[in-house]
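Student: structure of the sequence below:
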Amino acid sequence: MRARVCFRFGPRPMLASALLLAAALAGCSERRAPAGTDGADPERGRRLLAQFQCGSCHVIPGVEAARGTAGPPLATFGRQSYVAGTLPNDPPALARWLVDPPAVKPGTAMPALGVSPDDARHMAAYLATLR
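Tutor: Take a look at the predicted model:
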């Protein structure tokens, strides 16, 4: 008698509910651009961080082979207040830093890697997602 109540509507509503739940969970794992990134693509930024081999100096979650220890780990970069200890940590400031670190902070050990302003914008969007 009780089983009749559970399957009164058949398996389709249960299947639809399971599919909706799966879709919702899949959406939760996608990195979304944080505020202030002006349409930058965090996923593209993640790929660019690998391309420019930022992981040779930094540990960067989600970036393949990013296990360097010469620079600070970036696992919680999005929660930090400052970039390089002096710049406010917002995407435009970070993008300027990524394009030419020595111009922003003379004497820094971080080299200019030839990152374009557009690439830096995407890279900053990815780093801002790291919490």
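Student: check the separation of the first and last residues in stretch 102-112.
Tutor: Using CA to CA, to the nearest Å, the end-to-end distance of stretch 102-112 comes to 7 Å.
Student: which secondary structure elements does the strand or helix carrying His122 contact?
Tutor: Here His122 sits within helix 117-129, counting by DSSP states H and E. Under the contact criterion of 3 or more CB pairs under 8 Å, 6 or more residues apart in numbering; DSSP states H and E, helix 117-129 touches helix 42-51, helix 91-99. C-beta here means a position set from N, CA and C on the backbone, and glycine is covered the same way.
Student: between those, which one is nearest to Leu130?
Tutor: helix 42-51 (9.6 Å; CB to CB).
Student: so what secondary structure elements neighbour that closest one?
Tutor: helix 117-129.
Student: list the contacts of the helix it packs on.
Tutor: 31-34, 36-38, 40-46, 48-49, 52, 54, 60, 62, 74, 77-78, 91-92, 94-96, 98-99, 115 (CB atoms under 8 Å, 6 or more residues apart in numbering).
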